[in-house]
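Student: have a look at this fold, sequence not included:
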């Protein structure tokens, strides 16, 4: 058995082929970097057709190398929160708004949810610019959209025909009732959406097939079953082996997050949700609770671009001279806040600079700032389970930096902290969910 795992991320789109144990096959990886368009006004967008073209290129590359032969299952990890306005034919009417876009704000003319706490407990979200409840009215004022989809629904719809939205992706919109697994009436009213403007919701056993033209293009995938996408954060938890209340995942890629996964069958009461944490669906049987930040590997990319950092072993040696909690005191919110915070893009800050401050000390301060924010929210997560948790670090940014791993270990002490070096935890996690092996991932 071979599994094609697709990772529809913000900074890249990737396809890799796994064996039946979800182990990547040697050389069976195709990747295309994506250009995230950011602006001083808070814009953070992707080009939908360009993204689709890059995914097609990845599949062409894997097919040309013979890696798609005998694939029977396709699993997908996809970014949460994205939204794309499309016309009746599914043609994009603008760019894809990503989680990084801070421009949509709730209208001052609307009082918001009748009971904000009850709304938060039902949907796991807030009336916030990150979610469709605020994003759709903002988009509608600018684009005459017939309907709205996420990035995953757009690219998969092009390959498979019209596809439903998974409950995992739907939970990231902020419009889903997490218990009933149906669109929440009050959230949809806030969003101003009418019948037919939202995708249908996928049932637990949904499977898709390639359209004939793509089945001919990639014959190895002609008989493969495509499974419903899961949110990239949820996939990373499963790929890290953090699938119950014993372990929390701290993942640092372009952005960063701390999350705890718990069983929660559809219709069953959900655990109480602290006000400062969000909650989304992994699938019909599990939820993931946590906090996310707009700062992560993008901070390193900024510092590397603007501060003339040393590279390789020279950078490692310079960082080794900085204590784990050292560096320049910094607020790392360069891209603004993720919910529930409302700080706009450009809220980052560096304090205490002097003529002797080095670029490496600035970098260390930014990374330590992320660690401190994660530590604060992990304490809130632990309050919901009444015991300390083990922490598993993952994601490309911490894998690339031994100093950052050490800084997290210091900030999260006395908890046990270990590193999961698998560079494809999201794709691996999506495959495990598609195979029904979520619980076994933590063994």
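Tutor: Okay, I see it. Fair warning: this is a prediction, and the values are worked out from it, not measured in the lab.

Student: strand partners of the lengthiest strand in the chain, parallel vs antiparallel please.
Tutor: Assignment by DSSP state E gives strand 24-33 as the longest strand of the chain. Using DSSP bridges, strand 24-33 pairs in its sheet with strand 12-19 (antiparallel).

Student: tell me which residues are up against the partner strand.
Tutor: For strand 12-19, contacts defined as C-beta atoms under 8 Å, 6 or more residues apart in numbering pick out 1-7, 24-25, 28-34, 51, 54-55, 58-59, 62, 67-68, 71, 424, 427-428, 431. In this view, the C-beta of every residue, glycine as well, is placed from N, C-alpha and C.

Student: circling back: tell me how far the longest strand of the chain is from the chain's mean position?
Tutor: 20 Å (C-alpha atoms, centre = their mean, to the nearest Å).

Student: could you pick out the buried ones from the contacts of strand 12-19?
Tutor: Neighbour counting with 16 or more other C-beta atoms under 10 Å marks 2-7, 24, 28-30, 32, 34, 51, 54-55, 58-59, 62, 67-68, 71, 424, 427-428, 431 as buried within the contacts of strand 12-19.

Student: give me phi/psi at the nearest residue to residue 265 once chain neighbours are set aside?
Tutor: Counting by C-beta to C-beta, 6 or more residues apart in numbering, residue 265 lies nearest to residue 285, which is 5.3 Å off, once chain neighbours are set aside. With angles defined as degrees, to the nearest 10, residue 285 sits at phi -120, psi 0.

Student: so who does residue 285 touch?
Tutor: Residue 285 touches 263, 264, 265, 266, 438, counting by C-beta under 8 Å, 6+ apart.

Student: for residue 146, state which of these is nearest.
Tutor: residue 266 (29.9 Å; C-beta to C-beta).

Student: wait, that closest one touches residue 284, no?
Tutor: Yes - contact criterion C-beta atoms under 8 Å: residue 266 and residue 284 qualify, at 5.0 Å.

Student: quick check: neighbours shared by those two?
Tutor: residue 181.

Student: of the two, who's got more company?
Tutor: Comparing residue 266 with residue 284 by other C-beta atoms under 10 Å, the one with more neighbours is residue 284, at 18 against 15.

Student: quick one: the more buried one from residue 204, how far?
Tutor: According to C-beta to C-beta, to the nearest Å, residue 284 stands 5 Å off from residue 204.

Student: show me what the residue lying closest to residue 95 once chain neighbours are set aside is bridged to.
Tutor: Ranked by C-beta to C-beta, 6+ apart and with sequence neighbours excluded, the top spatial neighbour of residue 95 is residue 45, at 3.8 Å. Note on residue 45: beta-bridge partners by DSSP bridges are residue 37, residue 97.

Student: what about the nearest residue to residue 206 once chain neighbours are set aside, which helix or strand?
Tutor: Spatial nearest neighbour of residue 206, chain neighbours left out: residue 228 (5.1 Å); criterion: C-beta to C-beta, 6+ apart. In the assignment (DSSP states H and E), residue 228 maps to no helix and no strand.

Student: if I read this right, residue 228 contacts residue 202, doesn't it?
Tutor: Yes - in terms of C-beta under 8 Å, residue 228 counts as a neighbour of residue 202; the distance is 4.4 Å.

Student: just want to know which of those two has more residues nearby.
Tutor: Legend: neighbour count by other C-beta under 10 Å for residue 228 and residue 202, higher for residue 228 (29 against 22).

Student: remind me, longest helix of the chain?
Tutor: As assigned by DSSP state H, the longest helix anywhere in the chain is helix 359-382.

Student: list the buried residues of that helix.
Tutor: Neighbour counts over helix 359-382 (16+ other C-beta under 10 Å) mark 359-371, 373-375, 377-378, 380-382 as buried.

Student: check stretch 333-342 too.
Tutor: 333, 334, 335, 336, 337, 338, 339, 340, 341.

Student: what do you get for stretch 129-149?
Tutor: Counting neighbours by 16+ other C-beta under 10 Å, one finds that the buried residues in stretch 129-149 are 129-140, 143, 145, 147-149.

Student: tell me which of those residues fall in helices.
Tutor: Reading helices off these with DSSP H, I get 132, 133, 134, 135, 136, 137, 138, 139, 140.

Student: report the separation between the nearest residue to the fifth one once chain neighbours are set aside and residue 357.
Tutor: The one in question is residue 136. In space, and not counting its chain neighbours, residue 136 is closest to residue 191: 4.3 Å by C-beta to C-beta, 6+ apart. Using C-beta to C-beta, residue 191 is found at 46 Å from residue 357.

Student: same deal with residue 189?
Tutor: From residue 189 to residue 357 the distance is 51 Å (C-beta to C-beta).

Student: now do residue 17
Tutor: 47 Å.

Student: more neighbours: which of those two?
Tutor: residue 17 (24 against 14).

Student: what sits closest to the more buried one if chain neighbours are left out?
Tutor: Excluding the flanking residues, the one nearest residue 17 by C-beta to C-beta, 6+ apart is residue 28, at 3.8 Å.

Student: same question, residue 320
Tutor: Nearest residue to residue 320, sequence neighbours excluded (C-beta to C-beta, 6+ apart): residue 403, at 6.8 Å.

Student: what residues are up against the one you found?
Tutor: With C-beta under 8 Å, 6+ apart, residue 403 has these contacts: 316, 319, 320, 322, 324, 364, 367.

Student: doesn't residue 168 lie inside a helix?
Tutor: Yes - using DSSP: H, G, I helix; E, B strand; the rest coil, the secondary structure at residue 168 is a helix.

Student: which SS class is residue 187?
Tutor: helix.

Student: what's the spacing between the residue nearest to it when sequence neighbours are not counted and residue 31?
Tutor: Once flanking residues are discounted, residue 187 sits nearest to residue 175: 4.4 Å by C-beta to C-beta, 6+ apart. Relative to residue 31, residue 175 is positioned 32 Å away (C-beta to C-beta).

Student: ditto for residue 217
Tutor: Look at residue 217 and residue 31: by C-beta to C-beta, they are 20 Å apart.

Student: now residue 109
Tutor: Distance from residue 109 to residue 31, counting by C-beta to C-beta: 45 Å.

Student: do the same with residue 396
Tutor: Distance from residue 396 to residue 31, by C-beta to C-beta: 11 Å.

Student: try residue 237
Tutor: 22 Å.

Student: and if you look at residue 391?
Tutor: Taking C-beta to C-beta, one finds residue 391 at 28 Å from residue 31.

Student: do the same with residue 278
Tutor: In terms of C-beta to C-beta, residue 278 sits 29 Å off from residue 31.

Student: over to residue 108?
Tutor: Distance from residue 108 to residue 31, by C-beta to C-beta: 43 Å.

Student: ok, residue 302 next?
Tutor: 22 Å.

Student: what does residue 229 give?
Tutor: Counting by C-beta to C-beta, the gap from residue 229 to residue 31 is 18 Å.
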